[in-house]
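Enquirer: Provided below are the primary sequence and the corresponding predicted coordinates.
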Amino acid sequence: MTEFYGALAVLLLLSITAGLGRILRGPTPADRMLAAQLFGTTGVTILLLLAHGLHMSALQDVALVFALLAALAAIAFVRRVWQPPAAKGGKGDH
């Protein structure tokens, strides 16, 4: 069963390399951020597969930390880049 988890981890690493192309090409910062989120999600999944396949529970803790960091990175990106639409009319336009 350990070979199965290793094969899945390699397949997920190939997914990360495809996401690397999206980060390099863009074209928008949102595309790059979504690819970075792919890295975070896939990295967490790889760590959980390895933790289960190698019976190393410490890798589960590392995966949890990575998941929290990925969520914080997404929040930081949205707060820094996203601009709310400007109000076009007076006070009564909602």
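Expert: Good, I have the coordinates. Keep in mind the model is a prediction, meaning the values are calculated, not measured.

Enquirer: let me see the mean pLDDT of the longest helix seen in the chain.
Expert: Among all segments of the chain classified by DSSP state H, the helix with the greatest residue count is helix 29-54. Helix 29-54 comes out with an average pLDDT of 87.

Enquirer: next structured bit after it?
Expert: Read in the C-terminal direction, the helix or strand following helix 29-54 is helix 58-81, with elements assigned using DSSP states H and E.

Enquirer: quick one: list the elements packing against that following helix.
Expert: When contacts are defined as 3 or more Cβ pairs under 8 Å, 6 or more residues apart in numbering; DSSP states H and E, helix 58-81 sits against helix 29-54. Every C-beta, even on glycine, is put in place using the N, C-alpha and C of the backbone.

Enquirer: OK, contacts around the spatially most central residue of the chain?
Expert: Per Cα atoms, centre = their mean, the C-alpha nearest to the average position across the chain is that of Q37, at 2.0 Å. Neighbouring residues of Q37 by Cβ atoms under 8 Å, 6 or more residues apart in numbering: A70, A73, A74.

Enquirer: what is the burial count for the last one?
Expert: When you say that, I think you mean A74. When neighbours are counted by other Cβ atoms under 10 Å, A74 registers 15.
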